[in-house]
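K.L.:
I would like the atomic coordinates for the input below:
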Amino acid sequence: MRLILLGPPGAGKGTQAQRLVQKYGIVQLSTGEMLRAAVAAETPVGLQAKDIMASGALVPDEIVIGIISDRLDQPDMKNGFILDGFPRTVPQAAALDELLKKKHIRLDAVIELRVNESALLDRVETRVAEMRARGEEVRIDDTPEVLSKRLASYRSMTEPLIHYYSERRKLATVDGMMTIEQVTREIYRILSAVGAVEPRAAVPARKARGAARKTARPVGKKVAKTGKKAVKTAPKAAKPASKGAKKVGKKAGRKAGSPAKGRGTGKAKKAAKKTVRKAAKKGHEKAS
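P.N.:
Numbering: from 1, shown residues only. All right, here's what the predicted structure looks like:
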């Protein structure tokens, strides 16, 4: 995942960047931190930047691009990155495009957090008033006056990047005035839509279907086995009952028929039949 977050000061870029870092294990690249790290490590590009920074002058774009190039070659960049504070101008964006092209790195998306500047100024004024009421020290760069200057600088230098990336079909805009959670969810949705991350909802669905199939198979087998046992058991239980009934019936028949033997009377035959039926009935009852 390779992203650029755009938006004026106070839009919430830092908050959203940290959430993406924690969720996806990517690296947040800050040009200021990269410059300081390169100077401390005394890399060739860092040594060039050291004297310029010491004089208080702005570091040229080519040096910043060189530092970014070195940083992209580090092993921790395999999962991706978020660029924070760069590019700030259209020439910087064009130079970054060339660098990424040389390294065969694809930029997934540029997400703009669009906010209402008047609302931002109101937030800062409220925050400063609350801090002063509590007796807390207010930073000199955290006042409505400083924010107004930074917003003016953003409009003149960085806002043209919105058109630049929109023409290249890389731009996605999010309403930065929503709650932090809502902005985060919208960013996740955009990342899934552009293919920067795998949609999370599809994975549990596949697992659920697999689990359902696994659960269904054993149940079917058990039912089939139980049915077979029932079929096998039923005849076995019935056979002894019928045999017992037949034996009792035969014995009763013989007993009933012996006195009438040779007389040929109808009464004797009827009595014999009754006795047989009774004996058979008793045999069935005993068997059950």
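K.L.:
which non-adjacent residue is nearest residue 47?
P.N.:
Distance criterion Cβ to Cβ, 6 or more residues apart in numbering; nearest residue to residue 47, sequence neighbours excluded, is residue 39 at 7.6 Å. For the C-beta atoms, the positions are set from N, CA and C on the backbone; glycine is no exception.
K.L.:
quick one, helices of this structure?
P.N.:
Counting by DSSP state H, the chain has helices at residues 13-24, 31-41, 44-54, 61-72, 90-102, 117-133, 144-153, 160-167, 180-193, 202-257, 266-287.
K.L.:
which of those helices has the lowest average pLDDT?
P.N.:
Among the helices of the chain, helix 202-257 carries the lowest mean pLDDT, at a mean of 48.
K.L.:
domains in the protein, as residue ranges please.
P.N.:
Taking automatic domain parsing as the criterion, the chain consists of the domains 2-26+79-117+152-200, 205-287.
K.L.:
what's the spacing between residue 197 and residue 78?
P.N.:
As judged by Cβ to Cβ, to the nearest Å, residue 197 and residue 78 stand 15 Å apart.
K.L.:
out of those two, which sits in the busier spot?
P.N.:
Neighbours were counted for residue 197 and for residue 78 using other Cβ atoms under 10 Å; residue 197 has more, 17 against 9.
K.L.:
what residues are up against the spatially closest residue to that one that is not a sequence neighbour?
P.N.:
In space, and not counting its chain neighbours, residue 197 is closest to residue 191: 4.9 Å by Cβ to Cβ, 6+ apart. Neighbouring residues of residue 191 by Cβ atoms under 8 Å, 6 or more residues apart in numbering: 1, 3, 108-109, 197.
K.L.:
Narrow those to those in strands?
P.N.:
3, 109 (DSSP state E).
K.L.:
Which one of the contacts of residue 191 sits in the busiest neighbourhood?
P.N.:
Of all the contacts of residue 191, residue 3 has the most neighbours under the rule other Cβ under 10 Å, reaching 27 neighbours.
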